[in-house]
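# sequence-free structure coming up:
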């Protein structure tokens, strides 16, 4: 897919936003600036914003049409109590606080997710192969790092 000027501007905006969040690292339930920034941006992007989930949690909802379908993204942006020595121009300006981002968003659910992949068995050349799609999903899910106490 070719990048349009709008796509490039959006990419530049996302990079600047990520670097700003990285530079202003906040620990766990102290991430008030980050929460305010996300609420501001989501509102600018036509999301309705609900706050009050824990100290710094929020939910942004983008309504499109009358359907009941939804899609959720979850982000953990709290910093770790670590001094950053990366030398990056957007390194944390706060001593003993550093955010280490992984690339890409993660889909989250409290307990389960249902994914339906369909194809057309009688005309495989006119559809995406569902077995290949399912295999790609499994590989993608396997790349998500396992989070436990031993990984810290």
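Here it is on my side, so go on. Note that the structure is a prediction, hence the values are computed from the model and not measured. Residues are numbered from 1 along each chain as shown.

# got the buried residues for the longest helix along the chain?
When the chain is parsed with DSSP state H, its longest helix is helix 5-23. For helix 5-23, a neighbour-count test (16 or more other CB atoms under 10 Å) marks 21-23 as buried. No exception for glycine: its C-beta is placed from N, CA and C like everyone else's.

# closest to residue 59 among the residues you listed?
Nearest to residue 59, judged by CB to CB, of the buried residues of helix 5-23 is residue 21 at 18.2 Å.

# let me know the pLDDT of the closest one.
Per-residue confidence (pLDDT) for residue 21: 89.

# next up, the contacts around residue 130.
Neighbouring residues of residue 130 by CB atoms under 8 Å, 6 or more residues apart in numbering: 117-119.

# quick revisit: just checking, next helix/strand downstream of the longest helix of the chain?
helix 32-44 (DSSP states H and E).

# low-confidence ranges in the chain?
Applying pLDDT under 70 to the chain flags the ranges 1-9, 71-75, 101-113, 120-121, 124, 143-152.

# just the strands in it please.
Secondary structure of the chain (DSSP state E): strands at 48-53, 57-61.

# could I get those strands as TSV with distance to residue 99 and mean neighbour count?
Formatted as TSV, the strands of the chain follow (distance: least, CB to CB, whole Å; neighbours: other CB atoms under 10 Å):
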stretch	distance to residue 99	mean neighbour count
strand 48-53	20	12
strand 57-61	17	14
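
# which one of the buried residues of helix 5-23 is nearest residue 86?
Taking CB to CB as the measure, residue 86 lies nearest residue 22 of the buried residues of helix 5-23, at 9.4 Å.

# off-centre distance for stretch 62-73?
17 Å (CA atoms, centre = their mean, to the nearest Å).

# kindly report the same for stretch 23-38.
For stretch 23-38, the distance to the chain centre is 15 Å (CA atoms, centre = their mean).

# kindly report the same for stretch 48-58.
When distances are taken as CA atoms, centre = their mean, stretch 48-58 is centred 16 Å away from the chain's centroid.
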